[in-house]
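Student: Task: produce atomic coordinates for the following.
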Amino acid sequence: MPIIQEIENLLSFYEKELDDTLNFWYKFGIDRKNGGFFPCLERDGTVYDSDKSVWAQGRGLWVFSKAYNDIKKDDRYIEAAEKSYRFIKQHCYDNDGRMFFTVTENGAGIQKRRYWFSESFAVAGSAELYRATGDRQYLENARSTFDTMLGVKTGRIVTEPKYNPNVVNCIALASPMIMLVTCQIMRDIDIERKEIYNDIITDSINEIRLHRHPEKKAVLENVNHDGSLAKGSRGRLVNPGHSIEASWFLMEESEYRKDKTLLKEALDILNWSFELGWDEAEGGIRYFADIENKPVQALEWDMKLWWPHCEMLIAFLMAYDLTKEEKYLEKYKLVHEYTFTNFRDREYGEWYGYLHRDGSVATDLKGNMFKGPFHIPRCEIINVLKLKKMLSHPTNTKE
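Tutor: The predicted structure follows:
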């Protein structure tokens, strides 16, 4: 089949998948009494726990605003986004300006973490809603919340450390990669402060580079502050999904900056992470790996989770678009076949989130405090936009 035809078919496929995914979360996930999203859904969309993840509120806000901005001017999308924003603004901030991690259905704070990821998702979602509406209250909330997350990241706002710094003093990959993508979103929307975000993006790229270890062909989850190997299993740990997610953030930045060196670094990360994580015997990518093939302490290490497969679907399609190398298209097809065969629920819609190593369903829930209206629709939105771009420049697409 000619590649143009393949791309057209994929575009139609993703457009339908995205519509189905958004319809699922619009129908079952929205709390029409209190606002926001119920993330904890059974297979058929029934709410099995009314507590709410604050991550899911900001992520759902971003997804529905982004879909409205770039996919379809559907009034339901703005309705969902505004309900989520109101819930976030009224209930998800603590008195110190930090955000909770979980709240009750009517917004009473349950748990707050040391991380600033709740803030990062609220920043991205608020900014995207500003782009949809032009209402500056959303931009101002994005800016003030960004200032809080940056304060925590830099230590200006003190939080309890994860480890005793006198014993373990390493840095985690999640921090620079989430800061990077949040700044990318803000840079595109908050044009007045573009250079501020550019500078932080540069710092984030350099911090991600500390986690790259070409001699190990791996991007490590935890390294010492100078990039050297941390001690023990903590220092040998790779989360292939995280690394692959970082790779496509870097690919996007390489395209923005027209930086071939950065593109090569991103592609190395993608290649290393796939090689470390892909299960040749059973298919799918493992959740964790050890660079010395020693035991991984996390018992779920060989499970197959929904979100790393979303990251691979984005990354390999993006890699093919940027390089036109057939190997990336072939890897994309391999991941696509595994993902939509094993994760998609053909009866009730949406995806299962957790599979055993052999691909059998470990739990048929559709959402929890981590799985919500984000990774799947984000993947579908990004790939719809990427495929449309590829079709709009057919001379750049290898026949």
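Student: Sketch out the low-pLDDT regions of the chain for me.
Tutor: 394-399 (pLDDT under 70).
Student: Helices of that one, start to end?
Tutor: All helices of the chain, identified by DSSP state H, fall at 3-28, 54-70, 75-91, 117-133, 136-154, 174-189, 194-211, 232-236, 240-257, 260-277, 306-323, 326-342, 375-392.
Student: Pick the most buried one from those helices.
Tutor: Across the helices of the chain, averaging neighbours per residue (mean count of other CB atoms under 10 Å) puts helix 54-70 on top, at a mean of 27. Glycine gets a C-beta too; all of them are placed from N, C-alpha and C.
Student: Which other helices and strands does that one contact?
Tutor: Other elements packing on helix 54-70 under the criterion 3 or more CB pairs under 8 Å, 6 or more residues apart in numbering; DSSP states H and E are helix 3-28, helix 75-91, helix 117-133, helix 375-392.
Student: and if we set it to 10 Å?
Tutor: helix 3-28, helix 75-91, strand 102-103, strand 109-111, helix 117-133, helix 136-154, helix 174-189, helix 375-392 (3 or more CB pairs under 10 Å, 6 or more residues apart in numbering; DSSP states H and E).
Student: For residue 158, see how far away the closest residue to residue 160 other than its chain neighbours is.
Tutor: Using CB to CB, 6 or more residues apart in numbering and skipping residues adjacent in sequence, the residue nearest residue 160 is residue 114, 5.4 Å away. Separation of residue 114 from residue 158 (CB to CB, to the nearest Å) stands at 10 Å.
Student: Mutual contacts of those two, please.
Tutor: residue 152 (CB atoms under 10 Å, 6 or more residues apart in numbering).
Student: Have a look at the two and say which one is more surrounded.
Tutor: Comparing residue 114 with residue 158 by other CB atoms under 10 Å, the one with more neighbours is residue 114, at 12 against 9.
Student: if I pick that one, what's in contact with it?
Tutor: With CB under 10 Å, 6+ apart, residue 114 has these contacts: 98, 101, 152, 158, 159, 160, 161, 162.
Student: Next, count neighbours for residue 358.
Tutor: 13.
Student: one step back: would you turn the helices of the chain into JSON lines with distance to residue 299?
Tutor: Compiled in JSON lines, the helices of the chain are given as follows (distance: least, CB to CB, whole Å):
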{"stretch": "helix 3-28", "distance to residue 299": "29"}
{"stretch": "helix 54-70", "distance to residue 299": "23"}
{"stretch": "helix 75-91", "distance to residue 299": "33"}
{"stretch": "helix 117-133", "distance to residue 299": "23"}
{"stretch": "helix 136-154", "distance to residue 299": "30"}
{"stretch": "helix 174-189", "distance to residue 299": "20"}
{"stretch": "helix 194-211", "distance to residue 299": "24"}
{"stretch": "helix 232-236", "distance to residue 299": "13"}
{"stretch": "helix 240-257", "distance to residue 299": "17"}
{"stretch": "helix 260-277", "distance to residue 299": "17"}
{"stretch": "helix 306-323", "distance to residue 299": "17"}
{"stretch": "helix 326-342", "distance to residue 299": "20"}
{"stretch": "helix 375-392", "distance to residue 299": "22"}
